[in-house]
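model the following, please.
(chains A, B, C and D)
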Amino acid sequence: MAVEIYHEDFDPWALVARAEQAIPAHARGAASVFVGRMRDFNENEDVTGLFLEHYPGMTERELERIVAEAGARWPLLGCHVAHRVGDVRPGDALVLVATWSAHRVAARDACSDILERLKHEAPFWKRETLTDGTRRWVEKNTPGF
Amino acid sequence: MAVEIYHEDFDPWALVARAEQAIPAHARGAASVFVGRMRDFNENEDVTGLFLEHYPGMTERELERIVAEAGARWPLLGCHVAHRVGDVRPGDALVLVATWSAHRVAARDACSDILERLKHEAPFWKRETLTDGTRRWVEKNTPGF
Amino acid sequence: MTVRVHYFARLREELGRSSEEAELPAGGTTVGGLWQQLHQGTPPERLMAAVNQEQAGLDTPVSDGDEVAYFPPVTGG
Amino acid sequence: MTVRVHYFARLREELGRSSEEAELPAGGTTVGGLWQQLHQGTPPERLMAAVNQEQAGLDTPVSDGDEVAYFPPVTGG
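Predicted structure coming up:
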């Protein structure tokens, strides 16, 4: 179970492959992964840049709490959460949630739950830069259910 | 949109990373991935080997149909399905389902749907070898919902 | 009037063959009728079938040159 | 009786500062009371807060040495 904050672009698939090495091969069973990336469109305006602010210390604690609560609810063998902060470019990975379980339903449901709770509970804030140079703080996340 | 049958062990994360190159970077948004691997336990007996049979030709057609139907139901930007056949060892990847969409809910729901339909509709059959050398055909899949 | 018949998995092992040629009766038959003709009995419970690599039921017609397959419930993934 | 107060995101930009020291009244205060003391007004709608890096409400007590944070609704992921 690990949470990571990245200040530079990260390769989510290499990270998942590495994290999986920590799960005993005989127990892996099922892996469920979500990767969110920055797109260059949002609400029909052109977004050219994205800045992600976080609360160093509290952000990591909240992510660890969310992961621990998922681990209490589902029989997870492993979990890896990574989130980007700072200046982000289109195509960069923003968030990775990977869960391992002996059973596919547990892996899938835990992955989905961690992602939704991260979006609504972990202290991250997005500020977009538009083509005309103006900046705006994103006001709320899109609903997940 | 691609489906692949592997006769040898494959690296699911390298495959996802490669498949993702085909999605335009500005549109990626969300990726949802499921990877199932062979465990060495099942129904409390020790399984030492697994053989996967398929119906060459029909299996690929069924997978393509399942992927096309998901593509008609959700706004997918890409989908990659890979399935292993032949003699499998514990820890080997059995199945990969990866979906890309602009939106996380579409990616997640399509990935889950393709996996469940693959398990119940695509012509694959599992035969296990136990520690005492006996073989048995797996009679049915565990429920996904 | 012949068809190629394929068997898979447990069915293939129990029958001791993976495929065979079958002669169709004049006027054709169905997936269930062809099974009856080849195996002198009603199809086993939960038998699955395909005609020309598409899912089929016991009442699906079988015609000259078709590829017919019989198999147990699938267990992939 | 002092606490360190942090502001994040839009709130940080609007207030023009990311943190400040605040003197607590004798007997302590709450998250909402501290906001009132520092900004001479009721907290904005949908204000979120944390005390010692744990989620807090407007009625959460604030004591000497605490780390208090105010921020808008979160938008990560």
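
quick one: strands adjacent to the host helix or strand of A:Gly49?
Following DSSP states H and E, one finds A:Gly49 within strand A:45-54. Strand A:45-54 pairs in its sheet with strand A:41-42 (antiparallel), strand A:86-88 (antiparallel), strand A:124-130 (antiparallel), by DSSP bridges.

among those strands, which is nearest C:Pro25?
Closest to C:Pro25 of the strands paired with strand A:45-54, according to CB to CB: strand A:41-42, at 62.2 Å. All C-beta atoms are positioned from the backbone trio N, CA, C, and that covers glycine.

so for the closest one, mean pLDDT?
Throughout strand A:41-42, pLDDT has a mean value of 58.

now stretch C:15-26
On average, the pLDDT along stretch C:15-26 is 96.

how long is it end to end?
26 Å (CA to CA, to the nearest Å).

any chance you could list what contacts that stretch?
Applying CB atoms under 8 Å, 6 or more residues apart in numbering or on different chains, the contact partners of stretch C:15-26 are C:1-8, C:12, C:34, C:37-38, C:62-64, C:68.

need the contact list for C:Arg10.
B:125, B:127, B:137, C:72.

reformat those as TSV; add pLDDT and neighbour count.
Output for the contacts of C:Arg10, formatted as TSV (pLDDT from 0 to 100; neighbours: other CB atoms under 10 Å in any protein chain shown):
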residue	pLDDT	neighbour count
B:Trp125	98	23
B:Arg127	96	18
B:Trp137	96	18
C:Pro72	97	21
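
pick the most deeply packed of the strands paired with strand A:45-54.
A comparison of those by mean neighbour count, using mean count of other CB atoms under 10 Å in any protein chain shown, puts strand A:124-130 on top with a mean of 20.

CA atoms only for that one - export them in CSV, please.
Extracted in CSV, the C-alpha atoms of strand A:124-130 (Å, rounded to 0.1, in the frame of the first residue of the first chain):
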residue,chain,number,x,y,z
PHE,A,124,-5.9,18.9,-4.5
TRP,A,125,-7.0,21.9,-6.4
LYS,A,126,-6.9,22.5,-10.2
ARG,A,127,-6.3,25.8,-11.9
GLU,A,128,-6.6,26.0,-15.7
THR,A,129,-4.8,28.4,-18.1
LEU,A,130,-6.9,29.1,-21.2
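
A:Glu139 against D:Pro73, yeah?
Yes - under the criterion of CB atoms under 8 Å, A:Glu139 makes contact with D:Pro73 at 7.3 Å.

more neighbours: which of those two?
D:Pro73 (16 against 11; other CB atoms under 10 Å in any protein chain shown).

can you put the strands paired with strand A:45-54 in TSV and add distance to B:Arg18?
Shown next, in TSV, are these (distance: least, CB to CB, whole Å):
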stretch	distance to B:Arg18
strand A:41-42	25
strand A:86-88	23
strand A:124-130	29
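
before we move on, the earlier item: show me what counts as buried in the strand holding A:Gly49.
Of the residues in strand A:45-54, A:47, A:49-54 count as buried by neighbour count, 16 or more other CB atoms under 10 Å in any protein chain shown.

just checking, next helix/strand downstream of it?
Next along the chain from strand A:45-54, counting by DSSP H and E, comes helix A:58-73.

that next one and chain B, are they touching?
No - residues of helix A:58-73 are not located near chain B by CB under 8 Å from any CB of the partner chain, the shortest gap being 15.5 Å.

quick one: work out the angle between the very next helix or strand once past that helix and helix A:58-73.
Following helix A:58-73 in sequence order, the next helix or strand is strand A:76-84 (DSSP H and E). Interaxial angle of strand A:76-84 relative to helix A:58-73 (axes from the mean of the first three to the mean of the last three CA atoms, to 10 degrees): 160 degrees.

separation between A:Glu60 and chain C?
For A:Glu60, the distance to chain C equals 36 Å [CB to the nearest CB, to the nearest Å].

let me see the contact set for that residue.
A:3, A:5.

ok, the one 10 residues further on next?
Shown here is A:Ala70, whose contacts under the criterion CB under 8 Å, 6+ apart are A:76, A:79, A:99, A:110, A:113-114, A:117.

now do it against A:Asp113, distance only.
6 Å (CB to CB, to the nearest Å).

strands of chain C, start to end?
Secondary structure of chain C (DSSP state E): strands at C:2-7, C:19-23, C:29-30, C:48-51, C:54-56, C:61-62, C:67-71.

export those strands as JSON lines, with columns for mean neighbour count and distance to A:Arg28.
Formatted as JSON lines, the strands of chain C follow (neighbours: other CB atoms under 10 Å in any protein chain shown; distance: least, CB to CB, whole Å):
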{"stretch": "strand C:2-7", "mean neighbour count": "18", "distance to A:Arg28": "33"}
{"stretch": "strand C:19-23", "mean neighbour count": "12", "distance to A:Arg28": "36"}
{"stretch": "strand C:29-30", "mean neighbour count": "18", "distance to A:Arg28": "44"}
{"stretch": "strand C:48-51", "mean neighbour count": "20", "distance to A:Arg28": "30"}
{"stretch": "strand C:54-56", "mean neighbour count": "17", "distance to A:Arg28": "32"}
{"stretch": "strand C:61-62", "mean neighbour count": "18", "distance to A:Arg28": "43"}
{"stretch": "strand C:67-71", "mean neighbour count": "22", "distance to A:Arg28": "29"}
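
got TSV for these, with distance to D:Leu24 too?
Output for the strands of chain C, formatted as TSV (distance: least, CB to CB, whole Å):
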stretch	distance to D:Leu24
strand C:2-7	81
strand C:19-23	85
strand C:29-30	86
strand C:48-51	74
strand C:54-56	73
strand C:61-62	86
strand C:67-71	75
